[in-house]
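**Student:** Provide a 3D model corresponding to the input given below.
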Amino acid sequence: MSDLNKNLIQKDKVEENLNEEIEKSITIQICDRNFSKLLKYPHNYISTTRYNWLNFIPKNLFEQFRRFANFYFLLAAILSFLPISPLTPFTSVSPLVFVLAVSAIKAGVEDYQRRKADKKANSALYSIYHPELKQFKKIRSDQIQMGDLIFLEKKQEIPADVIVISTSEDDNLCYIETSNLDGESNYKERYAIQETSDFTSLESFQNLSGKIKCEEPNEHIYLFEGSIQLDSWENPIALDQNQVLLRGSSLQNTKWVYGVVIYAGIWTKISNNLRSASHKFSKFETILNSLVLKIFFIQLSIVILSAFLAVVWQDKKGRKMTYLDQETTRVMLWKTIFLDSFGAYFIIYSYMIPISLYVTVECVRIVQSWFMQWDLEMYNEENGGRMVVKNSDLNEELGQIEIILSDKTGTLTENEMEIYKCSIGEKVYHFTNKDDINQLRELMKNEEQNLLVSQFFHAISLCHTVIPEYNELTKKNDFQGQSQDEVALVKAAKLVGIEMVSRKKTKGITLKKIFLKEKENIGEELSLESENEISIQSDFENQNSNQFQTFQIDSVLEFDSDRKRMSVVVLNPITRQYILYCKGADSSVIPKLSKIGNENIEKGKNSIYQFSKDGLRTLVIAYKNLEESQYLAWKNKFEKAKASLNQRVKKVHKVCDLIENDLIFLGVTGIMDRLQDGVPDTIASLIQAGIAFWVLTGDKRETAVSVAVSCNLIDKKSKIIYIEGQKKPEILSSLKNAYQTLGWKYQELELKPNDIEENEKEKEDENENENEIDEKDFEENDSSESDLNQKNSNYKNFSEIPNQEPDLQSDFSQKNEQSFSIVVTGQTLRTILSSLKQHFLNLAVKSQTVICCRVTPKQKAKVVELVRKKTNRLCLAIGDGANDVSMIQAANVGIGIFGKEGTQAARSSDYSLTRFRHLKRLLLVHGRYSFLRLFELILYSFYKNFQFILSQFWFSFFTGFSGVSLYDGWIMTLFNITFTFLPPFVFGFTEKDVKEQILMDFPQLYNLLIHPKKRRKLNFKIFSWRILNACYQSLVIFFVVYGVFYDNILYSSGKIVGFTNFGLYCAVFSIIIVNIDYALNHKYWNWLTHVSMWGTLAFLIVFLAVYSNMLTTFPEIFGVFYMAIVSPMFYLSFLFIFIACLLPTYFYLFYQRNFHPKDWQIIQEVQRFSPQRYKILKNQIDDEFQEDLDISTN
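**Tutor:** Numbering: from 1, shown residues only. Predicted coordinates:
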């Protein structure tokens, strides 16, 4: 008895419970709308809006008042309605209303755009069968119900999740494109079950009555279990994902499809996947909130002090002033005066916190995002794509990134697969060598004598999901496939003489034998199209048995991330022999090989290792001849497992294992996925910028290391530390060895008891998903260790600058004595993520590069979360495929690449790019600018308000702390939203400390921003200076005006300066000084800067001229402006204030630049005054990295 029959007998348990009911299922009645209404199934209406007409105002206000500053100003506005308020309610309420209105309009416009998109989708028309009318009728998409029979046409978008009943194709196939759903643009095959394929006419639909039972709505877009039972059938028929058309996909290459709606509206798969990721808040928000809190406590202290001084003044002096009619007891003084003064001063000093700050920041971020998107340096001329900003709230985060975690395939590489090598038997063939290709073609001419070569290329021609699509323009077949690797293999088979010309579900795959002459010109570069190829259609019509062979695909054992392999059982049209062809990862296929008759296995293993070292993606190819009786017995088991209504996937896997054994080894393929242009230079610059780089990939270890070397992630002088093992003691031992290798202490790595119990829930979740490796990467597996040269090195740094130039090396050097990289696999990482997180991070955060290979999508996200949360460093994740979405959403900043894998990563990201090389400019230029601009904007905003309102504090000493306001109400209202708004707003998107080219040439300038200690020190130092400067300027302004105009300076008319004049002069001088101080600190002047600066001052003059001439409306301010401009003392006092206030700022800037220059200032002057020296400085960096690049590529 054969091994197959033994296995079938021993594993009869596979048949158990095949007809169990689906757990947690729902029932859908076909063509019965009343049934859906009775069970209250949802209609197909969709809504992605946040608001409606009724809840917009309350919901938006609630969201805005969750921000501390807005709630703070609301409290001040409420207090302004009390009698104790020194300001009119309008003065306090109008700025708050303005800020809330701007934010509400912004949110409303965004929501309106979503509403328009929803309306367009809901109003699309579709043909639905009406049993009572016995015909199809067009209805709106939002009126579709579960159970409806729907008619879909080619190119039409599918409005709900639909089960295919019948198609226009003879073999019941249809094709869909799912780029809107999962980002993959390749066509996917779906088909109707044979039992429903005859329902294609109105007459037949009258008999289409029954029910569909399926799972409850869920988010698993690639999984489905269900059954269909018509009234005329005795037993239900199983349904799976191959019969499901999901909402968001579109029908392609198929004229029409009839289907039954199974999930509608909020129950569709795409709706269940649209739960938005938690909103990301910039760390800059933390800085901003911290500054607001500091100012709040300063303000609260001043309010309490002022209220206390008010009581003291009333107690000491107020009692003597009988006209004030004060209370006689001190207790009553504290109860009334203190509380009244506290409320009054709380309202006045609320201006210390700029009410327009948050609105200004939001507006600046939006304009910054426009400039990013308009940057032609990040425009892709190949496809016309540009970068897209989807979350402008994170602009400044781009200037503080400390760790980048990147996918490999499609992100660092092109994801354009070409077969580079293959190993068959004892020989390795190079597809870039035309002699090797000719040799393979000659061998294929005599298939019987070269059985190994023939079976190898038949295997890669038949074991795949590729679809040939006839191109009317080129008169040739184009190939569409879910995997670029499979397309590359099919093209390789065509090159050596076996071309796939058609694929039909019922007929199988037809291969055309193209045996070319020896003297055919192949060309120097690989070309997968034959020169003498003629029209495939005409060939196919006149085919003969020798040139065309149709292989019946009898069974398909599909690839998934658990099995890591794919197999097909085909019927050879000539020998009538059943053959199983298998391809997959070496870890999955090699254990399935027969121990007898596989002499080439060791050679194959060596090829796997060598191919991987060359950076190639590897697949193992094998086959097996099957006896008809044995195969049919197994097929019966297979069909029953596929028909199971419960735990179908698990049962199918068990049955597949019964036949995928004792395989004969055929060979190994090596597929090349070349690096994108500019990747090595980009990574080199980012490392120079002080950013650590982690690669998270599903590729095998040797491939990942090889690509890392070619990317400049690992140089020849760097140590490579391999963390190995699957159990905690093994991993701890590996970590200890790593510490010993580096000469570090490792006592901290002792296993702690709490480590064993840590994150048990995470461990259980990981067990469920441990094999969810991305299909595009999972064609490879671990092999033996790489024997790369291991030496110590320093991080990249500047060399000595010649000719006594200021030394930049001390600032730019990374300070690490050893440069090393860490390599860890998914199995090891699983244990680390479970209980050895801190042990691993202690080592990993000190490395230059970390490479995590063979990782699952879930592990990618867990690694990102681990690094982000445990190290408190800003992390950026970048990827291109659907498998990268989770890690992109887990990072502080997520970058999506528009790639061959589709657009889902780009759609789920905060920023999307067309090429990886654009990341350099995005971070080093736009990120750095955004951080500096917003940081300066916030500091300037606090400075101007502090300077403006502190004059009120000094004024209180001369008014008995009565709470009288120094400034006019309109001046206070417009101070933030007009008089000081435009200059900092323009500053927020135009300021440049150095030119863009300098930032690109010297990435180390970025490092000066992201270093945590430097950043904290910088923040505190600059903030303190600005606040002290504001105090000083307010003292100068108030006391100069007080000293010049108080009680003894007469106008020509004989009038003295009154209280209104005094307050106006202080306000005007304050406004002018804060704007000019801004100009002194501004580094990059352009026409927008001039317009904002001089336009603001011009508006101030025009406003005062108009405002002070409205006698009937504002009599108290009438004539004040005229009295000022005709007074010589006004101009003299302004001149003195101008010099006294701004001279310290000027001297500070002069001293700092000339005696303690910053690195960017040094480079700036070198570029301006010594271009030759600038080139020398730049070339030192270029030479260092070019040397490492040459070492890596040789």
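**Student:** in the stretch 251-400 of the chain, mark out all the strands, start to finish.
**Tutor:** 256-263, 379-380, 385-386, 388-389 (DSSP state E, counting those that start in this stretch).
**Student:** and the gap between Val867 and Ile401?
**Tutor:** Between Val867 and Ile401 the distance is 12 Å, computed by Cβ to Cβ, to the nearest Å. For glycine as for every other residue, the C-beta is placed from the backbone atoms N, C-alpha and C.
**Student:** shared neighbours of those two, which are they?
**Tutor:** Cys875 (Cβ atoms under 8 Å, 6 or more residues apart in numbering).
**Student:** ok so, going back, may I see the strands of the stretch 251-400 of the chain organised as a markdown table, with mean pLDDT, distance to Gln439 and mean neighbour count added?
**Tutor:** Formatted as a markdown table, these follow (pLDDT from 0 to 100; distance: least, Cβ to Cβ, whole Å; neighbours: other Cβ atoms under 10 Å):
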| stretch | mean pLDDT | distance to Gln439 | mean neighbour count |
| --- | --- | --- | --- |
| strand 256-263 | 95 | 47 | 26 |
| strand 379-380 | 86 | 40 | 15 |
| strand 385-386 | 84 | 42 | 17 |
| strand 388-389 | 88 | 49 | 19 |
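**Student:** as JSON lines, these with distance to Asp699 would be great.
**Tutor:** Below are the strands of the stretch 251-400 of the chain laid out as JSON lines (distance: least, Cβ to Cβ, whole Å):
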{"stretch": "strand 256-263", "distance to Asp699": "36"}
{"stretch": "strand 379-380", "distance to Asp699": "25"}
{"stretch": "strand 385-386", "distance to Asp699": "26"}
{"stretch": "strand 388-389", "distance to Asp699": "28"}
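**Student:** between the ones you listed, which gets nearest to Leu571?
**Tutor:** Closest to Leu571 of the strands of the stretch 251-400 of the chain, according to Cβ to Cβ: strand 256-263, at 28.6 Å.
**Student:** which strands border the closest one, and is each parallel or antiparallel?
**Tutor:** strand 149-153 (antiparallel), strand 161-167 (antiparallel) (DSSP bridges).
**Student:** how far off centre is that strand?
**Tutor:** 34 Å (Cα atoms, centre = their mean, to the nearest Å).
**Student:** which SSE is Leu735 in?
**Tutor:** Per DSSP states H and E: Leu735 is located in helix 728-742.
**Student:** mean confidence for that helix?
**Tutor:** On average, the pLDDT along helix 728-742 is 85.
**Student:** again, but for stretch 832-843
**Tutor:** Here stretch 832-843 scores 86 as its mean pLDDT.
**Student:** next: stretch 310-320.
**Tutor:** So the average pLDDT for stretch 310-320 ends up being 75.
**Student:** got the buried residues for it?
**Tutor:** 310-311, 313-314, 318 (16 or more other Cβ atoms under 10 Å).
**Student:** Serialize those to TSV and add fields for distance to Leu405.
**Tutor:** As requested, the buried residues of stretch 310-320 are exported to TSV (distance: Cβ to Cβ, whole Å):
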residue	distance to Leu405
Ala310	57
Val311	59
Trp313	62
Gln314	63
Gly318	66
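**Student:** dump the residue contacts of Val620.
**Tutor:** 583-586, 589-590, 604, 608, 665, 667-668.
**Student:** what is the least confident helix or strand in the protein?
**Tutor:** Using mean pLDDT, DSSP states H and E, the weakest-scoring helix or strand in the chain turns out to be helix 809-812, at a mean of 36.
**Student:** what helices or strands is the next helix or strand after it leaning on?
**Tutor:** Remark: after helix 809-812, the chain's next helix or strand is strand 820-825, criterion DSSP H and E. Using 3 or more Cβ pairs under 8 Å, 6 or more residues apart in numbering; DSSP states H and E as the contact test, the elements touching strand 820-825 are helix 701-710, strand 719-723, helix 837-844, strand 849-853.
**Student:** who does strand 820-825 pair up with?
**Tutor:** Sheet pairing of strand 820-825 (DSSP bridges) gives strand 719-723 (parallel), strand 849-853 (parallel).
**Student:** what's the angle from the first one to helix 701-710?
**Tutor:** Inter-element angle recorded for strand 719-723 and helix 701-710: 150 degrees (by axes from the mean of the first three to the mean of the last three Cα atoms, to 10 degrees).
**Student:** all numbers from here: first residue = 48
**Tutor:** Yep, numbering from 48; the last one is strand 766-770 now.
**Student:** got the angle between strand 766-770 and helix 884-891?
**Tutor:** 170 degrees.
**Student:** picking that back up, weakest of the helices and strands packed on strand 867-872 by average pLDDT?
**Tutor:** Out of those, helix 748-757 stands lowest, with a mean of 79 (criterion: mean pLDDT).
**Student:** just checking, what packs against the helix or strand hosting Thr1107?
**Tutor:** Here Thr1107 is covered by helix 1106-1128, with elements defined by DSSP H and E. Here helix 1106-1128 touches helix 975-1003, helix 1016-1021, helix 1029-1037, helix 1059-1092, helix 1134-1154, helix 1167-1172, helix 1175-1202, going by 3+ Cβ pairs under 8 Å, 6+ apart.
**Student:** quick check: mean pLDDT across that helix?
**Tutor:** 89.
**Student:** pLDDT below threshold where in the stretch 998-1147 of the chain?
**Tutor:** Within the stretch 998-1147 of the chain, the stretches with pLDDT under 70 are 1056-1066, 1094-1104.
**Student:** how close does Ser348 get to Ala354?
**Tutor:** As judged by Cβ to Cβ, Ser348 and Ala354 stand 11 Å apart.
**Student:** Gln936: neighbouring residues, count only.
**Tutor:** For Gln936, the neighbour count with other Cβ atoms under 10 Å is 18.
**Student:** what does the pLDDT read for it?
**Tutor:** 84.
**Student:** still on that earlier bit, of all the buried residues of stretch 357-367, which comes closest to Gly472?
**Tutor:** Ala357 (98.4 Å).
**Student:** wait, doesn't that closest one sit right on Gly1010?
**Tutor:** Yes. Assessed by Cβ atoms under 8 Å, Ala357 is found in contact with Gly1010 at 7.2 Å.
**Student:** what is in contact with these two at once?
**Tutor:** With Cβ under 8 Å, 6+ apart, Ala357 and Gly1010 have common neighbours Ser388.
**Student:** can I see the domain layout of the chain?
**Tutor:** Here the domain parsing of the chain from automatic domain parsing is 59-91+191-319, 332-400, 437-460+722-842+859-913+922-938+950-956, 465-581+590-719, 983-1046+1058-1199, 1204-1241.
**Student:** can you put those domains in JSON lines and add distance to Cys410?
**Tutor:** Shown next, in JSON lines, are the domains of the chain (distance: least, Cβ to Cβ, whole Å):
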{"stretch": "domain 59-91+191-319", "distance to Cys410": "32"}
{"stretch": "domain 332-400", "distance to Cys410": "15"}
{"stretch": "domain 437-460+722-842+859-913+922-938+950-956", "distance to Cys410": "10"}
{"stretch": "domain 465-581+590-719", "distance to Cys410": "43"}
{"stretch": "domain 983-1046+1058-1199", "distance to Cys410": "7"}
{"stretch": "domain 1204-1241", "distance to Cys410": "27"}
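**Student:** so what's the residue lying closest to Pro264 once chain neighbours are set aside scoring on pLDDT?
**Tutor:** Sequence neighbours aside, Trp314 is the residue nearest to Pro264 in space, at 4.0 Å (criterion: Cβ to Cβ, 6 or more residues apart in numbering). pLDDT recorded at Trp314 is 92.
**Student:** also Ser388?
**Tutor:** Taking Ser388 on its own, its pLDDT is 86.
**Student:** for it, the count of nearby residues, please.
**Tutor:** The burial count assigned to Ser388 is 25, neighbours taken as other Cβ under 10 Å.
**Student:** the strands in the stretch 798-947 of the chain, which residues?
**Tutor:** Counting by DSSP E, counting those that start in this stretch, the strands of the stretch 798-947 of the chain are 867-872, 896-900, 922-926, 940-944.
**Student:** output the second one in PDB with nothing but the alpha carbons.
**Tutor:** Yep, that's strand 896-900 we're talking about. Provided in PDB are the C-alpha atoms of strand 896-900 (Å, rounded to 0.1, in the frame of the first residue of the first chain):
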ATOM      1  CA  THR A 896      20.900  49.500  11.800                       C
ATOM      2  CA  VAL A 897      18.500  46.800  12.800                       C
ATOM      3  CA  ILE A 898      17.300  44.300  10.300                       C
ATOM      4  CA  CYS A 899      14.200  42.200  11.200                       C
ATOM      5  CA  CYS A 900      13.700  39.500   8.600                       C
END
